[in-house]
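Q: sequence unavailable; structure follows:
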């Protein structure tokens, strides 16, 4: 317990503990945890809300579940009366990459920045009360710095400290060039915290180095140092890589209920509990209950994942939409008893093919006449839908499921 | 021979060769030599003078012989009709060292910069026709750069390239910190050349890295690259360290003829020829002649050094002053046969002392009465001058030479 918290009333102390427990939940790292407690204690004592900063890259405005890990944490702070400061890194966006090498850092116009920011805010409205959020654009102060001020900023950090950043260290080790201007991105992020005078900065664990810059520069400028809160990274649908738009392994929060439900069902079983923890609003007790039931075998993983999927859809649409998405999923996939794993056929023929030809090529029948008889008997389905016409022209698509009877399946894959 | 020089007339070709020979003399390194030739050829063909840049640190305006190595080279260019661009690095001087660690880089006011620049120019007038010299202050353009432009500049160089600078490399090897702002001094020097569009930049060999930055940035900004000319560094009176004000091993060009002559005589014999080469206007043939005579023993090193000293004095004063300084030197030192090496006495007593006390304290006599007798006999000299009065009050000064008879000497040193 810090000295400050000793001055707190019983009521404040209870409140302090309640909030601490909330903020710690699901957070990977708090640097340093005792400062968070001290700041909260001071906030309660002085009845002054804390300021929580989140920096946003203006070039990628599509919010997906990966972002919601941080957004849910911000919501907790806002729900408890603290002030959220959203910082659009538009200065970086506007200058782009002076070497012209990075496509991700192409120069954005004022209009693009504004449009992207608007897109963010519309989506953030699903988490935060945007009327209470402070919006900042760092071009406001960064574009005004002159060379002398930049030198002053650069004088507050050593080259060795910057080279500790993982990606820089790696590039140096492999002899890959680092352009000097790249050293300035962490400096900017740090200087933003000097200007915003925020108490806390949130980020993913991959932002470890950059977010610590805020602490470093606030101290160098004689300000109170921010607490750094790092949230775990959410792996995408592939179960391996961090969820991101560029990896196409994401669930966007603006996607249709059907897409959202279907994508959620494709998450690997091992990640289910992490998703429950990080992207749903389930309390720790509920998640413990699910964990126990999965372990004991009293809850089937498929059923747990259906609950997760339904929860995700209802969070970004509503209960009805979630119900409907689930029903459709069951109708198409589960009613046909489509198994999770099935043989794949790598299609290398024409894009459009007659159904009987498809059934022979995939090896489900040895002759077209056999295939025709089965269609007539109502035993052939495409993506769960019965095929009535033996002359049907089928459009080949990746993931097309060809089913014969109740047990035989082939999934088409197209390179 | 370059292609351009093939277009030159016979007359131009002769002129080209003459100038090249002149500029190469005494220069340590020309990067690259063939470009200097091409630039000269173009200059002759187009009847357009070349622009020669010299950067000056505004914090140390006392010109000494070490500087004259570069100044003499500049004079050659000016004498041949080329344009000298003196660049006062006042931007660096005005910002000082943001970490406050470097005393050498303390922040200068506008007035100090102006005063220092004026001092430079007065002294440079002894070498150059200052009316034909272009004066530039880099704060003119550097202070106007905004953050975006600084990032653009930083984007044109890699961290690895900067770390190649000897002193950076060494500090990294020994784990000594480099503050990020230090990376900007070479960038500024390079950017100055982008603005000045100079053809050549001169510097000492210790400026190798920084002067090459001009080539680098001119190329990155799509300009014609400057040729780099590096002059050898002149060791100071100690014969070891580079001549500099802070090392107190210098001969200032504003010093009195006596000081200048005396200091020149104290140069180690091994450095004499280097001084003839770099700080006098002797032509190569004269220097070869001196070298040969020294080697054969037909010229005594002391006599050669006297010629050097007299030449140096006459360059910054006149022939008469040089003659007079030499006569005085002979009167005081050579006539008294004062040896080059003598015992030193570290004086720790009063500043003013009676002559007999001085003679006893330094151990030249064991009693005051003995000392008095010797004075009466005319056998005591201070700095070569006979002492007649046994009650003389002597002012103690560093380097004071106390002589008894023809063989006993003590040199006083004061800490």
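A: On my side now, so go ahead. These numbers were taken from a predicted model, which means no experiment stands behind them.
Q: contacts and neighbour counts: CA atoms only from here.
A: OK.
Q: just name the shakiest helix or strand of chain A by mean pLDDT.
A: The helix or strand of chain A with the poorest confidence is helix A:3-6; it has a mean of 66 (mean pLDDT, DSSP states H and E).
Q: in the stretch 201-350 of chain A, what residue comes closest to chain B?
A: Relative to chain B, the nearest point of the stretch 201-350 of chain A is residue A:220 (10.5 Å; CA to the nearest CA).
Q: quick one, what contacts that residue?
A: residue A:156 (CA atoms under 8 Å, 6 or more residues apart in numbering or on different chains).
Q: all helices for the stretch 51-200 of chain A, in order.
A: A:65-79, A:90-95, A:110-124, A:139-142, A:147-154, A:159-163, A:166-173, A:184-196 (DSSP state H, counting those that start in this stretch).
Q: check the residue of the stretch 201-350 of chain A closest to chain B and give its pLDDT.
A: Looking at residue A:220, its pLDDT reads 96.
Q: again, but for the one 5 residues further on
A: The predicted local confidence for residue A:225 comes out at a pLDDT of 97.
Q: burial measure for residue A:406, as a count.
A: 12 (other CA atoms under 10 Å in any protein chain shown).
Q: part of a strand, is it?
A: No: counting by DSSP: H, G, I helix; E, B strand; the rest coil, residue A:406 is not part of a strand but coil.
Q: point out where the stretch 301-415 of chain A drops to low pLDDT.
A: Across the stretch 301-415 of chain A, the ranges flagged by pLDDT under 70 are A:334-341, A:415.
Q: avg pLDDT for stretch A:7-17?
A: On average, stretch A:7-17 scores 90.
Q: what does it contact?
A: A:5, A:37, A:40, A:41, A:44, A:45.
Q: and it, how far from the chain's centre?
A: 34 Å (CA atoms, centre = their mean, to the nearest Å).
Q: what sits against the residue positioned nearest the centre of chain A?
A: The residue lying closest to the centre of chain A (CA atoms, centre = their mean) is residue A:66, at 0.6 Å. By CA under 8 Å, 6+ apart, the contact set of residue A:66 is A:233, A:234, A:235, A:236, A:242, A:243, A:244, A:250.
Q: same thing but at 10 Å, please
A: A:204, A:232-236, A:242-245, A:250-253, A:275, A:278-279 (CA atoms under 10 Å, 6 or more residues apart in numbering or on different chains).
Q: quick one on the thing from earlier: least reliable of the helices of the stretch 51-200 of chain A by average pLDDT, please.
A: Among the helices of the stretch 51-200 of chain A, helix A:90-95 scores lowest, with a mean of 82.
Q: which strands or helices does it pack on?
A: If you count contacts as 3 or more CA pairs under 10 Å, 6 or more residues apart in numbering or on different chains; DSSP states H and E, helix A:90-95 packs onto helix A:110-124, strand A:134-137, helix A:139-142, helix A:184-196, helix B:147-154.
Q: picking that back up, tabulate the contacts of stretch A:7-17 (CSV), appending neighbour count.
A: Formatted as CSV, the contacts of stretch A:7-17 follow (neighbours: other CA atoms under 10 Å in any protein chain shown):
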residue, neighbour count
A:5, 19
A:37, 20
A:40, 25
A:41, 24
A:44, 19
A:45, 15
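Q: most widely separated two among those residues?
A: Farthest apart among these by CA to CA are A:37 and A:45. That separation is 12.2 Å.
Q: helix, strand or coil for the residue in chain A sticking out farthest from the centre?
A: The centre of chain A is farthest from one residue, residue A:369, which by CA atoms, centre = their mean lies 50.2 Å away. In three-state terms, and counting by three-state DSSP, residue A:369 is helix.
Q: for it, give me its contacts.
A: Per CA under 10 Å, 6+ apart, neighbours of residue A:369: A:356, A:360, A:375, A:390.
Q: for residue A:368, same thing?
A: Going by CA under 10 Å, 6+ apart, the list of residues near residue A:368 reads A:355, A:356, A:357, A:358, A:359, A:360, A:361, A:374, A:390.
Q: just give me the neighbour total for residue A:83.
A: Neighbour tally, residue A:83, other CA under 10 Å: 21.
Q: pretty sure it sits against residue A:53.
A: Yes: with contact defined as CA atoms under 10 Å, residue A:83 reaches residue A:53; the gap is 8.7 Å.
Q: any common contacting residues for those two?
A: Joint contacts of residue A:83 and residue A:53 (CA under 10 Å, 6+ apart) are A:74, A:134, A:198, A:199.
Q: rewinding a little: out of the helices of the stretch 51-200 of chain A, deepest packed?
A: helix A:90-95 (a mean of 23; mean count of other CA atoms under 10 Å in any protein chain shown).
Q: so how far is that one off the chain centroid?
A: For helix A:90-95, the distance to the chain centre is 23 Å (CA atoms, centre = their mean).
Q: residues contacting it, please?
A: A:56-59, A:96, A:104-110, A:112-114, A:116-117, A:136-143, A:184-185, A:188-189, B:147-149, B:151-152.
Q: and residue A:258, what element?
A: helix A:257-265 (DSSP states H and E).
Q: elements contacting that helix?
A: Helix A:257-265 packs on helix A:272-279, helix A:301-316, helix A:319-329, going by 3+ CA pairs under 10 Å, 6+ apart.
Q: okay if I get those helices as JSON lines plus distance to chain B and mean neighbour count?
A: JSON lines is the format used below for the helices and strands packed on helix A:257-265 (distance: least, CA to the nearest CA, whole Å; neighbours: other CA atoms under 10 Å in any protein chain shown):
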{"stretch": "helix A:272-279", "distance to chain B": "37", "mean neighbour count": "20"}
{"stretch": "helix A:301-316", "distance to chain B": "39", "mean neighbour count": "20"}
{"stretch": "helix A:319-329", "distance to chain B": "48", "mean neighbour count": "17"}
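Q: so can I have a markdown table of those helices showing distance to residue B:169?
A: Shown next, in a markdown table, are the helices and strands packed on helix A:257-265 (distance: least, CA to CA, whole Å):
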| stretch | distance to residue B:169 |
| --- | --- |
| helix A:272-279 | 46 |
| helix A:301-316 | 54 |
| helix A:319-329 | 62 |
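Q: thinking again about what came up before, quick one: which of the helices and strands packed on helix A:90-95 is nearest residue B:70?
A: Here helix B:147-154 is closest among the helices and strands packed on helix A:90-95 (CA to CA), at 28.9 Å.
Q: can you give me the offset of that closest one from its chain's centre?
A: That offset, for helix B:147-154, works out to 35 Å (CA atoms, centre = their mean).
Q: near chain A, anything from it?
A: Yes: looking at helix B:147-154 against chain A by CA under 10 Å from any CA of the partner chain, the contacts come from B:147, B:148, B:149, B:150, B:151, B:152, B:153, B:154.
Q: need the contact partners of that helix.
A: Counting by CA under 10 Å, 6+ apart, A:91-92, A:94-99, A:142-151, A:179-185, B:142, B:145-146, B:155, B:183-184, B:187-188, B:190-191, B:217, B:220-221 sit against helix B:147-154.
Q: cool, stretch A:232-243 as well?
A: Contacts for stretch A:232-243 (CA under 10 Å, 6+ apart): A:26-29, A:64-70, A:203-206, A:244-245, A:247-251, A:263-271, A:274-275, A:278-279.
Q: and that stretch, what's buried?
A: Under the neighbour-count criterion of 16 or more other CA atoms under 10 Å in any protein chain shown, stretch A:232-243 has A:232, A:233, A:234, A:235, A:236, A:237, A:239, A:242, A:243 buried.
Q: residue A:112 is in contact with residue A:59, isn't it?
A: Yes: assessed by CA under 10 Å, residue A:112 is found in contact with residue A:59 at 8.4 Å.
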